[in-house]
Each structure stands twice: as structure tokens, then as C-alpha cells.
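Undergrad: Predicted coordinates and the sequence they were generated for:
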Amino acid sequence: MIEVKWKRSVLSAVACGATAGLILTGCSSTAKPGASSGTTSGAKAGAVKIAFVPGVIGDEFYVTMQCGIEAAAKAAGATVAMQGPQKFDPTLQKPVVDAVVASKPDALLVAPTDVAAMQGPLKAAADAGIKVVLVDTTVNDPSFAVSQISSDNTGGGKAAFDAIKKLKPNGGKVLVISVDPGISTTDARVAGFEAAAKADPKFTYLGVQYSHDDPATAAKLVTAALQKDPDIAGIFGTNLFSAEGSATGVRQAGKTGTVSIIGFDAGPAQVKDLKAGTVQALVAQQPSTIGSDGVAQALAALSGKPVEKKIQTGFTIITKDNLTGEGAAAIYKSSCG
């Protein structure tokens, strides 16, 4: 297993199953989109109230992050309420954030869905006295946030290209399937992959196409791309749904085993594709650690202690070779139970 680590917070991720004392919808992909997950049962009066707004409900990356948040909050005696949009869309996330701000939590952990559109709503939260921690994604000017926590996404994009290069040493055409432009994390992954691909004369970079975080759309894009360029050597899916849809498109085109797919994130569907040989490698982030680090920074800010303004977490490259061993620990959760 290849594990790349950067600066880590002093608070390590703990098991999500320790959150039994919380009345929450929990880290479940079946949670009602946009519904609050409630607060702690029998919480002590004056307990710190933490709100979590993910980029989208039901994505195992954010489910796993919520697991880390809940466990860390419980250990600190804090409560957690979660609300999120049905799609990764700022027009859907903004009213959720506005509602959360109106509920006056002490801290807000949030994954902005657009660097520009979410700037104003989140700054307004900070101006209202809420300690804002940006988890995973960011905005154009994050100076209002007490901390930003994310993976080294540029490095992750380069790692994805390196994985394709290893699988296709003779080179060839490579394509990227991403979410939408204007998302800090996936834009950085695209940039890291693009720079590495263009620097290698054996490879031809076909550019990036956007699936709007919809696996079915990603599958259609890949199918169309393979009709136009049947000799594509590799595809990089920059997030969970992009990779999941890319695998479906390759499978439907009858190109399994011919086209190498590298997925970013490691949800159950992607792991299934890895086992089946449709996907050759997964770049797994550490969402639970991002969540628990977010809680640590929020609590530090609330108590007047020093905070780390920017934290980068590492990632793990999962292949068939380490899937049943060390790589298993990096697979995302579909629930916290």
C-alpha cells in the first residue's frame, strides 16, 4: 500500500460506532436529504453545538466524514446536527446554510459547493459569531474561517496520473471526468493530473468533461468519449460519483481491462468495481480524519486556544493487491454503525 501523509492534527480519528449516545440520523446514506440529524440525547446544559453541512447527502465520503465528526464531538461532550443538500449544488446548499445559521450553532463545519457562490453565506455565518471550519472544499477568500482542512488534492491528481502511467507504460490518450468547474478540490485534482499528463510526451491529454456529480451522466460521457476515441488508455474520475459512472461507461462499452480507470475516493461501489477489475486503483482520502480534525479546530477556537489555519491530510492508493489487507482500512463507510 502506498500511503502519503502530510501535516496531521493532534486529534486523531476515532471509531464512529462510539456515537451511540447521540440522537442523530447518524452517518447513514439513508438520511433524509436536508433533514436535521438532531442533537444529543440528555446533553448537558451549555454543551457546545456543532453543525455539519456536507456537500451532498448520501455520498460515502461525507458519510465517513460525519462519522469522524460525531465520534470526536461525543468524546468532547459536544452535540452535532447535520443538514445537507440533495445534490452538490450551491443553489441547494445556500438555503441549508442559511437555516443552520438561523439556528445559532456555536460552530459550523461545512464543505462549500462553490468557491464563489458560497463565499457570502459562509462569511455571514462567521460575522454572526459562528466559528466556521471549512472541510474538504473551500471558497475564494477563506479568511473568515478559523481553519481549512482538506487533502492535498493537487498531489492526489498527480498520483492518479502516476497510477495510469504505471499501468500504461507505453502511454496513450487520457481523459478526466470531474464534477463541475468552480469546486476547489476537484479543480485541484484536475490541475495536478493535467500538469503531469502534459509533461509526459507519451501521453495525450484529452481534457476534462463534467458529470455534475451524477454517475449516469459520467457513464454517458465516457461511452461517448470511447466512441470518438476508442483507443483511450486511461480515465481519471475525480470524485466518488465520477469514478463510479466512468466504470459503468467503460463496462457498457465492453472496454473492461482495456481502459484503465483510476478513481478518487473509495466508496463501496468503487471497491466493487476494483474487485471486478473495472477500476484498477483508487485514491482514498481520509474523510474521518478531516471531520475529527474539524471538530478539534472548532473547539480550540471556541475556547480561545491556538488553531491551525490550514491542515492537509494524506491519501492511500488502494489496489487489488492491498484491498484485503491494509487498504481495507481506507474504504469509506455507508453508515456509522
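TA: Everything's here; your move. Numbers count the residues shown, from 1 in each chain.

Undergrad: Strands along the stretch 201-337 of the chain, start to end?
TA: With DSSP state E, counting those that start in this stretch as the criterion, the stretch 201-337 of the chain has strands at 203-210, 232-237, 260-264, 281-284, 310-313, 315-318.

Undergrad: Quick one: closest of the ones you listed to Gly172.
TA: strand 232-237 (2.8 Å; Cβ to Cβ). C-beta: built from backbone N, CA, C; applies to glycine.

Undergrad: where does Tyr62 land in three-state SS?
TA: Using DSSP: H, G, I helix; E, B strand; the rest coil, the structure places Tyr62 in helix.

Undergrad: Next: the one 10 residues further on.
TA: Applying three-state DSSP to Ala72 yields a three-state assignment of helix.

Undergrad: circling back to that earlier point, for Ala224, find the nearest of the strands of the stretch 201-337 of the chain.
TA: Checking the strands of the stretch 201-337 of the chain against Ala224 by Cβ to Cβ gives strand 203-210 as the closest, at 8.8 Å.

Undergrad: hang on, the earlier thing: can you flag the weakest of the strands of the stretch 201-337 of the chain by average pLDDT?
TA: Lowest mean pLDDT of these: strand 315-318, a mean of 90.

Undergrad: ok, back up a step: make TSV out of the strands of the stretch 201-337 of the chain and add distance to Met65 and mean neighbour count.
TA: Below are the strands of the stretch 201-337 of the chain laid out as TSV (distance: least, Cβ to Cβ, whole Å; neighbours: other Cβ atoms under 10 Å):
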stretch	distance to Met65	mean neighbour count
strand 203-210	23	18
strand 232-237	19	27
strand 260-264	15	29
strand 281-284	13	28
strand 310-313	11	19
strand 315-318	14	24
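
Undergrad: Switch those strands over to JSON lines; also include distance to Val139.
TA: Formatted as JSON lines, those follow (distance: least, Cβ to Cβ, whole Å):
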{"stretch": "strand 203-210", "distance to Val139": "20"}
{"stretch": "strand 232-237", "distance to Val139": "24"}
{"stretch": "strand 260-264", "distance to Val139": "21"}
{"stretch": "strand 281-284", "distance to Val139": "24"}
{"stretch": "strand 310-313", "distance to Val139": "13"}
{"stretch": "strand 315-318", "distance to Val139": "23"}
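
Undergrad: closest one to Thr113 among those?
TA: Proximity to Thr113 (Cβ to Cβ) singles out strand 203-210 among the strands of the stretch 201-337 of the chain, at 13.9 Å.

Undergrad: So what are the sheet partners of that closest one and their directions?
TA: Strand 203-210 pairs in its sheet with strand 172-178 (parallel), by DSSP bridges.

Undergrad: CA atoms only for the partner strand - export them in PDB, please.
TA: What follows is strand 172-178, C-alpha atoms only, in PDB (Å, rounded to 0.1, in the frame of the first residue of the first chain):
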ATOM      1  CA  GLY A 172      -1.800   6.800 -24.800                       C
ATOM      2  CA  LYS A 173      -4.800   9.100 -24.600                       C
ATOM      3  CA  VAL A 174      -6.100  10.000 -21.100                       C
ATOM      4  CA  LEU A 175      -9.400  11.600 -20.100                       C
ATOM      5  CA  VAL A 176     -10.600  13.200 -16.900                       C
ATOM      6  CA  ILE A 177     -14.300  13.100 -15.700                       C
ATOM      7  CA  SER A 178     -15.000  15.600 -13.000                       C
END
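
Undergrad: Dead centre of the chain: give me the residue that sits there.
TA: Phe61 (4.9 Å; Cα atoms, centre = their mean).

Undergrad: so what's it up against?
TA: Shown in contact with Phe61 (Cβ atoms under 8 Å, 6 or more residues apart in numbering): 136, 239-240, 265, 267, 285, 287, 332.

Undergrad: Which of the residues you listed sits closest to Ala276?
TA: Closest approach between the contacts of Phe61 and Ala276, by Cβ to Cβ: Gly267, at 14.4 Å.

Undergrad: so Gln148 is in which element?
TA: strand 147-151 (DSSP states H and E).

Undergrad: Show me what that strand is packed against.
TA: strand 131-135, helix 184-198, helix 287-302, strand 310-313 (3 or more Cβ pairs under 8 Å, 6 or more residues apart in numbering; DSSP states H and E).

Undergrad: buried sites along the second one?
TA: In other words, helix 184-198. For helix 184-198, a neighbour-count test (16 or more other Cβ atoms under 10 Å) marks 184-190, 192-194, 196-197 as buried.

Undergrad: I figured Asp273 was touching Ala247, is that so?
TA: Yes. Counting by Cβ atoms under 8 Å, Asp273 does reach Ala247; the two are 4.2 Å apart.

Undergrad: Could you list the low-confidence segments of the stretch 51-200 of the chain?
TA: Along the stretch 51-200 of the chain, segments meeting pLDDT under 70 are nowhere present.

Undergrad: what about stretch 79-86, start to end distance?
TA: Stretch 79-86 has an end-to-end distance of 23 Å (criterion: Cα to Cα, to the nearest Å).

Undergrad: now stretch 46-59
TA: Using Cα to Cα, one end of stretch 46-59 lies 32 Å from the other.

Undergrad: Over to stretch 311-325?
TA: 28 Å.

Undergrad: Renumber starting at 862 from here on
TA: Done: numbering now begins at 862, and the last item shifts to stretch 1172-1186.

Undergrad: Give me the domain ranges for the protein.
TA: Domain assignment for the chain by automatic domain parsing gives 868-1011+1148-1174, 1014-1145.
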